[in-house]
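Asker: 3D model of this:
(chains A and B)
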Amino acid sequence: MSASEGAKNTNTEPWGGFDDNIMIQGSGSAVIDMENMDDTSGSSFEDMGEMHQRMKEEEEVEAEAAATEDDTGEDGEFLGMKGLKGQLGRQVADEVWKAGKREASKAFNLYANIDILRPYFDVEPIQVRNRLIESMIPLKMINFPQKIAGELYGPMMLVFTLVAILLHGMKTSGTVIREGTLMGTAIGTCFGYWLGTSSFIYFVAYLCNSQITMLQMLSLLGYGLFGHCVVLFITYNVHFHSLFYILWLVIGGLSTLRMVAALVSRTVGKTPRLILCGTLAALHMLFLLYLHFAYHKIVEGILDTLEGPNVPPIQRVARDVSNAATVVNSTVKSVAAIIHSR
Amino acid sequence: MEDVDEINKPLFAGLSDVSIADDIPVEGDITVPMSSPSVNDEISTLDEPVKDTILRDLKAVGQKFMHVMYPKKSSALLRDWDLWGPLLLCVALALMLQGGAADSKDDGGPQFAEVFVIIWFGSIVITINSKLLGGTISFFQSLCVLGYCILPLTAAMLVCRLVLLGSNGLVSFIVRLVVVTASFGWSTFASTAFLADSQPPNRKALVVYPVFLFYFVIGWMILTFSASS
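Answerer: As a prediction, this is how the structure comes out:
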């Protein structure tokens, strides 16, 4: 105790002068002066003075500008060359400053947005695996609202996987897209479906008074795409009609049922349930059908020609659209000519 | 102003107590480290021949290539990142993939822009993903690593083109499959060796998956590439 007291005494001793100051000035300004004490050059006072001066000047300049703006309507002579120049310079400087500020804030916002999004990506690998498996298992509990995880890592990765699979399907089927790349089309299709359908179903759910948030909807539909990924990955590589229909019904059906069950458990009333779930199920199943046949048709065509007895496989007559078109055109023309002649 | 003086006076009077005693000499050697060899080196880049500058940069890029081909836990690729190597690799890969499709009427081959977009867009997505998962790596460091790690795949592309020059049968396909698979594994392994340290240990799988997908797509493009015959 005595030692600490001694230390305290030795500490306070050199600051005795300051204590006097505090006594003189009063306790209100003591803190500020202590801060300034570190700066022996006293530049902070100068800074303060400068700042004050600058603020005053700016105020004056603004007042002047306001005055000139007011006066211009009454007499144009007041607006001398000097005033014009100053105003122009100031305007340009203002513009540049504003543009710079906008850019900076945009860049800053990007990073801020990353921080905002971070909680939605807060998952463990095991959780993702479990949710992927759960997306295939419809729960029959519809009396109590089912738990839907609001998380975006799984859905994002599933959408990117779907993009890759779609790209693969487009390449192998030899799809040609005019005015665009395969990549852009694949990304557009997948993200468009995910975001578009989620928003639409969310809107319908809002109309039907369903208890679901946009985030939950995105997560639900995103994990629902797992079934699509599996089905498309298999059927783009193994070309059997029957296999696709079986997988479409079983895997696609299971993932759709899972989403439907979750939505049913969060909606009250028969008609709202029917509308909401019917819309979602139809969209989801038809999207899988579309993805399969839109980027798979040509391979199917090749298979058909291979299976067909008469057509040699190399010729590809059946799929040559322009040929078919000309044939149809010519037949139509000839028929028309015959009719016309009669 | 008078107020300020009034406040100042007692303040600086107090300071005079802390002043240095007279018996301590206020003197010493003041040396400024002006002429160290490293400073001279950096100054001399101004008037050195352009060839030297380019060669030095190329050497740096080449050293990083070596780091990728032999991925030991080194931070050289992370510490002084650059985007020249990724650009070179990306352009080389895109040009080689383009070659088949450019002169033929067949539009099925990958276009230059497509390869370019896949590589850069993919790296950016992976980087943002790793940021979102809580990685401590900077944006351009990650881009640099992912770009440099395309090197094995570019080498595989070169081998594939050479193999395709020779024959176009089942044997060549098997050779290409083996080469592309090996280089795909190599790319993924090398990039994870560099990137994994900056991630939380329990989430490595989540970060590696998009990297895997990214290199898988590139590898698959290389494998399915066939010069128009």
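Asker: would you mind checking which helix or strand in chain B has the lowest mean pLDDT?
Answerer: Every helix and strand in chain B was compared by mean pLDDT, DSSP states H and E; the lowest is helix B:2-15, with a mean of 51.
Asker: residues from the stretch 201-342 of chain A in reach of chain B?
Answerer: Within reach of chain B by Cβ under 8 Å from any Cβ of the partner chain, the stretch 201-342 of chain A has no residues at all. Heads up, the C-betas are built off the backbone N, CA and C, glycines and all.
Asker: quick one: low-confidence parts of the stretch 201-342 of chain A?
Answerer: Low-confidence segments of the stretch 201-342 of chain A (pLDDT under 70): A:296-328, A:331, A:342.
Asker: could you measure from the spatially most central residue of chain B over to chain A?
Answerer: Nearest residue to the geometric centre of chain B (Cα atoms, centre = their mean): residue B:144, 1.6 Å. As judged by Cβ to the nearest Cβ, to the nearest Å, residue B:144 and chain A stand 19 Å apart.
Asker: tell me the domain ranges of chain A?
Answerer: A:89-122, A:149-305 (the TED database).
Asker: the residue nearest to the centre of chain B contacts residue B:86, correct?
Answerer: Yes: counting by Cβ atoms under 8 Å, residue B:144 touches residue B:86, with 6.5 Å between them.
Asker: circling back: and the domains of chain A as TSV, adding mean neighbour count?
Answerer: Listed next are these as TSV, based on neighbours: other Cβ atoms under 10 Å in any protein chain shown:
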stretch	mean neighbour count
domain A:89-122	11
domain A:149-305	18
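Asker: any chance of a markdown table for those domains, columns distance to residue B:58?
Answerer: Compiled in a markdown table, the domains of chain A are given as follows (distance: least, Cβ to Cβ, whole Å):
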| stretch | distance to residue B:58 |
| --- | --- |
| domain A:89-122 | 32 |
| domain A:149-305 | 31 |
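Asker: of all these, which one is nearest residue A:141?
Answerer: Closest to residue A:141 of those, according to Cβ to Cβ: domain A:149-305, at 6.2 Å.
Asker: and the residue nearest to the centre of chain B, what does it touch?
Answerer: B:77, B:78, B:81, B:82, B:83, B:85, B:86 (Cβ atoms under 8 Å, 6 or more residues apart in numbering or on different chains).
Asker: any idea how far it is from residue A:295?
Answerer: Here the criterion is Cβ to Cβ, to the nearest Å. By it, residue B:144 lies 35 Å from residue A:295.
Asker: next: residue A:267.
Answerer: Residue A:267 is 34 Å from residue A:295, by Cβ to Cβ.
Asker: ramachandran angles for residue A:122?
Answerer: phi -90, psi 80 (degrees, to the nearest 10).
Asker: residue A:263 too?
Answerer: phi -70, psi -40.
Asker: and the pLDDT at the closest residue to residue B:192 other than its chain neighbours?
Answerer: Excluding the flanking residues, the one nearest residue B:192 by Cβ to Cβ, 6 or more residues apart in numbering or on different chains is residue B:208, at 5.5 Å. Confidence at residue B:208, expressed as pLDDT, is 89.
Asker: wouldn't residue B:208 be in contact with residue B:188 here?
Answerer: Yes: the pair residue B:208 and residue B:188 passes the contact test of Cβ under 8 Å, sitting 7.4 Å apart.
Asker: hmm, back to that, report the next helix or strand after the strand or helix carrying the residue nearest to the centre of chain B in sequence order.
Answerer: Using DSSP states H and E, residue B:144 maps to helix B:139-148. Sequence-wise, the next helix or strand downstream of helix B:139-148 (DSSP H and E) is helix B:151-166.
Asker: pull out the buried residues from the top helix by length along chain B.
Answerer: Among the segments of chain B that qualify as a helix by DSSP state H, the longest is helix B:170-195. Within helix B:170-195, the residues scored as buried using 16 or more other Cβ atoms under 10 Å in any protein chain shown are B:172, B:175-176, B:179-180, B:183-184, B:186-188, B:190-195.
Asker: closest to residue A:118 among these?
Answerer: Of the buried residues of helix B:170-195, the one sitting nearest to residue A:118 (Cβ to Cβ) turns out to be residue B:195, at 18.0 Å.
Asker: quickly note the distance from residue B:69 to residue B:63.
Answerer: If you measure residue B:69 against residue B:63 using Cβ to Cβ, the figure is 11 Å.
Asker: quick one: distance of the host helix or strand of the residue nearest to residue B:192 to the chain centre.
Answerer: Assigned by DSSP H and E, residue B:208 falls within helix B:204-224. For helix B:204-224, the separation from the chain centroid amounts to 17 Å (computed by Cα atoms, centre = their mean, to the nearest Å).
Asker: packing partners of it?
Answerer: Here helix B:204-224 touches helix A:125-134, helix A:153-173, helix B:84-102, helix B:112-132, helix B:151-166, helix B:170-195, going by 3 or more Cβ pairs under 8 Å, 6 or more residues apart in numbering or on different chains; DSSP states H and E.
Asker: and the angle for that helix with helix B:139-148?
Answerer: In terms of direction (axes from the mean of the first three to the mean of the last three Cα atoms, to 10 degrees), helix B:204-224 departs from helix B:139-148 by 40 degrees.
Asker: and helix B:204-224, what's buried?
Answerer: Buried, per 16+ other Cβ under 10 Å, within helix B:204-224: B:204, B:206-223.
Asker: can you give me the angle it makes with helix B:151-166?
Answerer: 20 degrees.
Asker: which stretch among the helices and strands packed on helix B:204-224 comes nearest residue B:59?
Answerer: For residue B:59, the closest of the helices and strands packed on helix B:204-224 is helix B:84-102, at 11.7 Å, according to Cβ to Cβ.
Asker: now the closest one: how far from the chain's centre is it?
Answerer: Helix B:84-102 sits 17 Å away from the centroid of its parent chain (Cα atoms, centre = their mean).
Asker: same check, this time on stretch B:64-83
Answerer: For stretch B:64-83, the separation from the chain centroid amounts to 8 Å (computed by Cα atoms, centre = their mean).
Asker: and that stretch, end to end?
Answerer: For stretch B:64-83, the first-to-last residue distance is 11 Å (Cα to Cα, to the nearest Å).
Asker: try stretch A:113-132
Answerer: This stretch, stretch A:113-132, spans 27 Å end to end (Cα to Cα).
Asker: list the residues that contact residue A:187.
Answerer: Contacts for residue A:187 (Cβ under 8 Å, 6+ apart) come out as residue A:163.
Asker: ok, now which ones touch residue B:192?
Answerer: By Cβ under 8 Å, 6+ apart, the neighbours of residue B:192 are B:204, B:208, B:211.
Asker: one more pass at 10 Å, please.
Answerer: B:71, B:145, B:149, B:199, B:204, B:207, B:208, B:211, B:212 (Cβ atoms under 10 Å, 6 or more residues apart in numbering or on different chains).
Asker: for the closest residue to residue B:215 other than its chain neighbours, give me its contacts.
Answerer: Take residue B:215 and drop its neighbours on the chain: the residue closest to it by Cβ to Cβ, 6+ apart is residue B:187, 4.7 Å away. By Cβ under 10 Å, 6+ apart, the contact set of residue B:187 is B:68, B:71, B:146, B:148-156, B:211-212, B:214-216, B:218-219.
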